[in-house]
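Novice: the sequence and its predicted three-dimensional model are supplied below.
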Amino acid sequence: TIAINVLAGLATFILGLMIARWFRKKIRGAAFGTDHVDVTLRPVVASAVFYVIVAITVYATFTRLGVEPTALLAVFGAAGLAIGLALKDTLGNIAAGFMLLILRPLNVGEYIETPNVAGSVQEVGLFSTTIKNVEGIYIYVPNGQIWSNRIQNFGRHTERKLIVNIGVGYDTDLDAAKALLVETMRAQEMTLDAPDMPLVFVTEFGDSAITLSCRVWMPAADWLVNASHMRVELKKALDGAGIEIPFPQRVVINRN
């Protein structure tokens, strides 16, 4: 009888693990739920289902071995309390993961930036979030660090404002320079007329230059390429008009 119970318990444990792994793989797959299940939710749902089935399997295995259910529940409760105290940071990451999934400050595929990391979100897991940075390196960040810090989500915008500060010499005709820069920004294909038209402001009288702040709205897609192109065109326009972007200067007066 003991041998039969041991074999039955072992078979129950192996079968339970196989079922848990099958469900985890099935839920993570693209075919599961098609468009009705959010791709951001799949990793967490898969992990939760896996651990629930494993817990049920362990309970069924010990029960099959002859352990009393009440005693088993008492052991599980004590073990759960001890594990909870020992792994409070891990449990905090799980709670942060659920908050990320409920409030949705980020989704898979969106580009985000926090004080510690920046990149495209690849997966929001039960314990950590996987981010791919601009160098193509995968970074695994605990959910608690993502949730407890400021999150800038660049994937939620269809347009963004580019601000380029340019210093010009004190002998520059400011009205002419402003008109030239506005005309240059309006002439670019990526320039948007809404929410605002391109504008140029005089923002500072510096030690060596007067700062002109060029502001223009552009599509959020291909942002780095468009922003680089706009800066190049502004520089070309200033060079063509003979407007100097001065180096830092210092005036030395000899009183001898």
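Specialist: Now that the structure is in, tell me what you want to look at.
Novice: tell me where this structure has strands.
Specialist: With DSSP state E, the ranges of strands along the chain come out as 111-113, 118-124, 128-132, 138-142, 152-153, 159-168, 199-205, 210-219.
Novice: nearest to G240, out of those?
Specialist: Between G240 and those, the tightest spacing by Cβ to Cβ is seen for strand 159-168, at 14.0 Å. C-beta coordinates here come from the backbone N, C-alpha and C atoms, glycine included.
Novice: possible to save the strands of the chain as TSV with distance to Q249?
Specialist: Shown next, in TSV, are those (distance: least, Cβ to Cβ, whole Å):
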stretch	distance to Q249
strand 111-113	35
strand 118-124	36
strand 128-132	43
strand 138-142	43
strand 152-153	36
strand 159-168	11
strand 199-205	14
strand 210-219	13
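Novice: for those strands, give me a markdown table that also has mean pLDDT and mean neighbour count.
Specialist: Listed next are these as a markdown table, based on pLDDT from 0 to 100; neighbours: other Cβ atoms under 10 Å:
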| stretch | mean pLDDT | mean neighbour count |
| --- | --- | --- |
| strand 111-113 | 93 | 18 |
| strand 118-124 | 92 | 19 |
| strand 128-132 | 93 | 20 |
| strand 138-142 | 94 | 15 |
| strand 152-153 | 92 | 14 |
| strand 159-168 | 94 | 16 |
| strand 199-205 | 95 | 14 |
| strand 210-219 | 96 | 19 |
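Novice: which one of these lies nearest to E244?
Specialist: E244 lies closest to strand 159-168 among these, at 6.8 Å (Cβ to Cβ).
Novice: what pairs with the closest one, and is each one parallel or antiparallel?
Specialist: Sheet pairing for strand 159-168, assigned by DSSP bridges, gives strand 210-219 (antiparallel).
Novice: could you check the angle the partner strand makes with strand 199-205?
Specialist: 150 degrees (axes from the mean of the first three to the mean of the last three Cα atoms, to 10 degrees).
Novice: how distant is strand 210-219 from the center of its chain?
Specialist: Here strand 210-219 is found 26 Å from its chain centre; the criterion is Cα atoms, centre = their mean, to the nearest Å.
Novice: quick check, pLDDT for T61.
Specialist: Per-residue pLDDT puts T61 at 84.
Novice: same check, this time on F127
Specialist: pLDDT recorded at F127 is 87.
Novice: and it, how many neighbours?
Specialist: Residue crowding around F127 was assessed by other Cβ atoms under 10 Å; the count is 16.
Novice: skipping its backbone neighbours, what lies nearest it in space?
Specialist: N93 (4.9 Å; Cβ to Cβ, 6 or more residues apart in numbering).
Novice: residues near that neighbour, how many?
Specialist: Residues lying near N93 (other Cβ under 10 Å) number 22.
Novice: with T172 instead?
Specialist: T172 is surrounded by 21 other residues when neighbours are defined as other Cβ under 10 Å.
Novice: please renumber so the chain begins at 441
Specialist: Done: numbering now begins at 441, and the last item shifts to T612.
Novice: can you pull the contacts of it?
Specialist: Taking Cβ atoms under 8 Å, 6 or more residues apart in numbering, we find T612 in contact with 650, 683-684.
Novice: ok, so of those, who is nearest N666?
Specialist: The shortest approach to N666 among the contacts of T612 belongs to I683, at 23.2 Å (Cβ to Cβ).
Novice: how near is the closest one to L614?
Specialist: In this view, I683 and L614 are 10 Å apart by Cβ to Cβ, to the nearest Å.
Novice: poorly predicted segments of the chain, please.
Specialist: 470-478, 521-528 (pLDDT under 70).
Novice: tell me, what residue is most central in it?
Specialist: Taking Cα atoms, centre = their mean, the centroid of the chain lies closest to I552, which sits 3.1 Å from it.
Novice: quick revisit: so which of the contacts of T612 comes closest to F502?
Specialist: Using Cβ to Cβ, the contacts of T612 come closest to F502 at I650, 78.7 Å.
Novice: cheers, nothing more for now.
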